[in-house]
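Colleague: take this sequence and fold it.
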Amino acid sequence: MIIATPRPLLRALALAGAVLLAWPAHAQLFGDDQARQAILDLRQRFDQAVTAQNRLVDENTQLRRSMLDLQQQIQLLRDDLARSRGQEEQLQQQIAELQKRQTSALDGLEQRLQKLEKTQPSNAEGTSAPGAADGGAEKQDYDAALAVFRKGDYAGAQTGFANFVKRYPSSALAPAALFWLGNAQYATRNYKEAITNFRSLLAAAPNHAKAPEAMLSIANCQVELKDVAGARTTLNGLIKTYPQSEAAQAGRERLSKLK
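Modeller: Model prediction:
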């Protein structure tokens, strides 16, 4: 016996079947859209990641280049510093040698003058006695400038002796003042000015007790100025003009060492 199915139930079954039949197509269509969108999103994120990575690579390259430039600059600075230190050490050595030569020259000068003063106690400063200047302002100013020189204040001694020569150009002590002025200038490496004053002494008083020392000092200045030929000429002139002087003996020794 066949049992009849009610109409409402048939309609419900038919509708359900239709939905079931239609569902896979709609589900597939909806899944493709989502997948496509997901792929697009992934591509966009990938492109963004590639762009960011390329930017980082560029920045890293620039940073490496900057670091290399900085390292080169640092190395250049180190090289410059090393050269500067080397030059500074060389300069200090040259200054030390110069000071040693100056000290030796001044010490030798002092020793020779002491011997000279012992042999000529009454006329150590010039060819004639200062006379009234001994107890006057000239002698006081001269002694004051000489005291400054002996203290090692060579700049102050230059001022003192230059003022003396200007104030007392005809003084019997003027040649000696020129001599000490030149030595003070030698001590401060004013060699050209020193030579000028030593030559002024020789021109004004060639027979002065300090004339031989003035010629020797001229040669010393010429050596410092790298004028070796001029120094040789001056030393030969010293030996010829004042052969028996202590300065001439020192000049012979100096001449033998000139290269």
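
Colleague: lowest-pLDDT helix or strand in the chain?
Modeller: Sorting the helices and strands of the chain by mean pLDDT, DSSP states H and E puts helix 7-119 at the bottom, at a mean of 70.

Colleague: ok, then the element right after that one?
Modeller: Heading C-terminal from helix 7-119, the first helix or strand you meet, by DSSP states H and E, is helix 137-150.

Colleague: got the buried residues for that next one?
Modeller: Neighbour counts over helix 137-150 (16 or more other CB atoms under 10 Å) mark 138-139, 141-142, 145-146, 148-149 as buried. No exception for glycine: its C-beta is placed from N, CA and C like everyone else's.

Colleague: would you list those residues in TSV and tack on pLDDT and distance to His208?
Modeller: Shown next, in TSV, are those (pLDDT from 0 to 100; distance: CB to CB, whole Å):
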residue	pLDDT	distance to His208
Glu138	94	16
Lys139	95	17
Asp141	96	19
Tyr142	97	14
Ala145	96	17
Leu146	95	16
Val148	96	22
Phe149	95	18
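
Colleague: distance to Glu213 added to those, as JSON lines?
Modeller: Putting these into JSON lines (distance: CB to CB, whole Å) gives the following:
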{"residue": "Glu138", "distance to Glu213": "22"}
{"residue": "Lys139", "distance to Glu213": "21"}
{"residue": "Asp141", "distance to Glu213": "22"}
{"residue": "Tyr142", "distance to Glu213": "17"}
{"residue": "Ala145", "distance to Glu213": "17"}
{"residue": "Leu146", "distance to Glu213": "15"}
{"residue": "Val148", "distance to Glu213": "19"}
{"residue": "Phe149", "distance to Glu213": "14"}
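
Colleague: closest to Gln222 out of those?
Modeller: Comparing the buried residues of helix 137-150 against Gln222 with CB to CB places Phe149 closest, at 22.0 Å.

Colleague: excluding its backbone neighbours, what's nearest that closest one?
Modeller: Closest residue to Phe149 apart from its sequence neighbours, by CB to CB, 6 or more residues apart in numbering: Ala157 at 3.7 Å.

Colleague: quick one: residues contacting the one you found.
Modeller: Residues in contact with Ala157 (CB atoms under 8 Å, 6 or more residues apart in numbering) are 145-146, 148-149, 180-181, 184.

Colleague: nearest to Leu56 among those residues?
Modeller: Ala184 (71.7 Å).

Colleague: the closest one and Phe164 touch, don't they?
Modeller: No. Assessed by CB atoms under 8 Å, Ala184 is found out of contact with Phe164, at 11.7 Å.

Colleague: give me the three-state assignment for Arg199.
Modeller: helix (DSSP: H, G, I helix; E, B strand; the rest coil).

Colleague: for Ser170, that is, sorry about that
Modeller: With three-state DSSP as the criterion, Ser170 reads coil.

Colleague: run a quick neighbour tally on it.
Modeller: 6 (other CB atoms under 10 Å).

Colleague: Asn236 too?
Modeller: By the criterion of other CB under 10 Å, Asn236 has 14 neighbours.

Colleague: which residue packs closest to it, ignoring adjacent ones?
Modeller: Leu255 (7.2 Å).

Colleague: if I look at Gln71, how far off is Leu77?
Modeller: Distance, Gln71 to Leu77, by CB to CB, to the nearest Å: 11 Å.

Colleague: correction: Asp143
Modeller: For Asp143 relative to Leu77 (CB to CB), the value is 55 Å.

Colleague: repeat for Gln158
Modeller: Counting by CB to CB, the gap from Gln158 to Leu77 is 41 Å.

Colleague: the two: who's more crowded?
Modeller: Gln158 (25 against 10).

Colleague: now the element after the helix or strand containing the more buried one, going C-ward?
Modeller: If you go by DSSP H and E, Gln158 is part of helix 154-167. Note on helix 154-167: by DSSP H and E, the next helix or strand toward the C-terminus is helix 174-187.
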